[in-house]
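>>> got a predicted model here, sequence first, then my questions.
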Amino acid sequence: MVNFKARLPNKESPLGKFWLIAGLFIVVIALEFSTPTEYVFGYLYTGPILLANSWLGRRATFQATLAAVFLTMLNLVIPVGEVMKASTIASRAIAAMALIVTGVLSDRLRRSQDAIALTRAKLAAQEELSRVREDFASTLTHDLKTPLLGAIETLKAFEAEKFGAILPAQQKVLATMTRSHQTSLQLLETLLDIYRNDTEGLKLNLEPVDLTILAEEATATLSDLASNRRVYLSLNYGDSNWRRSLWVQGDALQLQRVLTNLLVNAINHSRRGERVEVVLEPQDSYQVVKILDTGAGIQPEQFRHLFERFYQGHSDRQAKGSGLGLYLSRQILEAHGGIMWAENRVPIGAMFAFKLPAYPFQSSLTV
């Protein structure tokens with residue numbers, strides 16, 4: 001028994017789609033040529049044109065549009081013997097132009113959709129590549145911590161003379177190596193924090209925090225670094241000569257990192273004999289902290305890149321950083337609902353500052 005159903009073209013195949021469009025053309029042709037010329041059915045060709053554009057591509061759209069325009073205008077002379085009126089000619093000319101516009105616009109729409117699909121595919125590929133890179137960097141960074149921690153502990157054991165007596169000159173070498181490894185470990189931890197914050201968000205342990213205490217601790221911790229660089233480090237309270245508390249709701253550890261990053265950045269950008277100043281300014285709604293230096297300032301083209309990851313800028317700074325401190329600081333402050341900015345000072349120097357919402361009951365907490 002012959003299966004006739006299997007012989008029919010599949011509507012999902014290109015051939016099936018072609019015959020469906022051809023069938024629609026035949027229906028419109030029948031309506032056009034079986035009715036008086038005054039009745040314009042050519043507008044119905046827009047359906048097959050749109051289907052040709054969607055299913056068969058640009059060439060088929062052009063062919064369908066050309067055939068529709070030809071058949072619409074052909075109905076002026078076929079069937080033979082009918083009197084052509086100016087209004088009928090105008091109606092069919094308008095229909096022909098409408099069909100041409102339909103073909104052109106549908107072709108443009110298809111090309112736009114193809115471009116959008118291509119762009120989406122590229123973005124998806126870039127996102128996947130970025131994710132793979134982030135996972136690789138995060139894994140590598142995490143795996144590097146273990147040997148670094150082991151090296152630091154070994155160096156400390158040598159410094160403590162657990163493996164025998166060492167000379168004073170060797171003590172200095174060991175101390176230098178320990179500091180270098182600790183700096184590398186701090187960089188790895190910063191990288192890990194940044195990757196973790198980008199993917200999981202920053203988790204904060206919020207409590208009332210006095211920015212004044214954090215600033216004093218950061219200044220004291222970095223006094224040796226500033227002294228070694230011959231940079232003067234100071235702290236003041238804005239217009240007041242008295243110590244004042246700046247209470248905020250925040251994570252003390254993370255805010256301490258912000259202050260340390262900003263101070264190290266200012267010290268590194270200062271030349272010998274210059275000054276770095278921490279200014280604390282309590283306000284009604286916000287607490288403001290400013291880090292001022294008297295260095296070369298910020299070039300105009302650098303402002304839009306300052307808080308980008310790995311951006312180091314171009315200057316005669318005393319020490320090169322990783323380009324991560326400002327990026328991480330902005331992450332932390334934004335997680336606290338704060339704002340961070342930078343500007344040049346007059347006549348010379350730069351200012352990095354941030355403000356955080358003031359703790360609502362700071363008056364009862366002020367020491």
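On my side now, so go ahead. Residues are numbered from 1 along each chain as shown.
>>> could you check the pLDDT of residue 88?
Per-residue pLDDT puts residue 88 at 86.
>>> in this structure it contacts residue 37, no?
Yes. Counting by C-beta atoms under 8 Å, residue 88 touches residue 37, with 5.4 Å between them. Backbone N, C-alpha and C define where each C-beta goes, glycine included.
>>> name the residues contacting each of these two.
Counting by C-beta atoms under 8 Å, 6 or more residues apart in numbering, the shared contacts of residue 88 and residue 37 are residue 76.
>>> any regions of the stretch 51-200 of the chain where pLDDT drops low?
When residues are selected by pLDDT under 70, those of the stretch 51-200 of the chain lie in 81, 133-134, 137-138, 141-142, 191, 197-200.
>>> may I see the buried residues of the host helix or strand of residue 170?
According to DSSP states H and E, residue 170 maps onto helix 168-200. Using 16 or more other C-beta atoms under 10 Å as the test for burial, helix 168-200 gives 174, 177-178, 181, 185, 187-188, 190-195, 197.
>>> show me what contacts residue 290?
Here residue 290 is in contact with 278-279, 281, 351-353 (C-beta under 8 Å, 6+ apart).
>>> helix, strand, or coil at it?
Following DSSP: H, G, I helix; E, B strand; the rest coil, residue 290 is assigned to strand.
>>> next secondary structure after the helix holding residue 170?
Later in the chain than helix 168-200, the nearest helix or strand by DSSP H and E is strand 207-210.
>>> packing partners of the helix holding residue 170?
helix 86-159, helix 325-335 (3 or more C-beta pairs under 8 Å, 6 or more residues apart in numbering; DSSP states H and E).
>>> as CSV, the buried residues of helix 168-200 with distance to residue 23 would be great.
Formatted as CSV, those follow (distance: C-beta to C-beta, whole Å):
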residue, distance to residue 23
174, 89
177, 84
178, 84
181, 79
185, 74
187, 70
188, 69
190, 68
191, 64
192, 65
193, 65
194, 62
195, 59
197, 60
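>>> which two from those end up farthest apart in space?
Spatially, the most separated pair among those is 174 and 197, at 34.4 Å (C-beta to C-beta).
>>> wait, residue 280 sits on residue 289?
Yes. Counting by C-beta under 8 Å, residue 280 does reach residue 289; the two are 5.9 Å apart.
>>> need the residues touching each of these two.
Residues touching both residue 280 and residue 289 by C-beta under 8 Å, 6+ apart: 211, 215, 246.
>>> what's the spacing between the last one and residue 252?
Read that as residue 246. 13 Å (C-beta to C-beta, to the nearest Å).
>>> who has more neighbours out of those two?
residue 246 (25 against 18; other C-beta atoms under 10 Å).
>>> how does this structure divide into domains?
5-121, 135-200, 207-365 (automatic domain parsing).
>>> pLDDT on the longest one, on average?
Mean per-residue pLDDT for domain 207-365: 84.
>>> tell me how far the helix holding residue 170 lies from the chain's centre.
Offset of helix 168-200 from its chain centre (C-alpha atoms, centre = their mean, to the nearest Å): 28 Å.
>>> same thing with stretch 259-279?
With C-alpha atoms, centre = their mean, you get 29 Å for stretch 259-279.
>>> got the buried residues for that stretch?
259-270, 274-279.
>>> chain neighbours aside, what residue packs nearest to residue 343?
residue 351 (5.5 Å; C-beta to C-beta, 6 or more residues apart in numbering).
>>> and what of residue 85?
With C-beta to C-beta, 6+ apart as the criterion, residue 85 has its nearest non-adjacent residue at 7.5 Å, and that residue is residue 38.
>>> roughly how far does that neighbour sit from residue 74?
Counting by C-beta to C-beta, the gap from residue 38 to residue 74 is 15 Å.
>>> between those two, who's got more neighbours?
Each of residue 38 and residue 74 has its neighbours counted (other C-beta under 10 Å); residue 74 has more, 14 against 11.
>>> need the contact list for residue 235.
215-216, 219, 277-280.
>>> that one belongs to a strand?
Yes. Remark: residue 235 belongs to a strand, assigned using three-state DSSP.
>>> burial count for the residue nearest to residue 62 when sequence neighbours are not counted?
Closest residue to residue 62 apart from its sequence neighbours, by C-beta to C-beta, 6+ apart: residue 103 at 6.8 Å. Counted by other C-beta under 10 Å, the residues lying close to residue 103 total 25.
>>> re earlier: how about the domains of the chain in a markdown table, adding distance to residue 128?
A markdown table is the format used below for the domains of the chain (distance: least, C-beta to C-beta, whole Å):
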| stretch | distance to residue 128 |
| --- | --- |
| domain 5-121 | 11 |
| domain 135-200 | 11 |
| domain 207-365 | 19 |
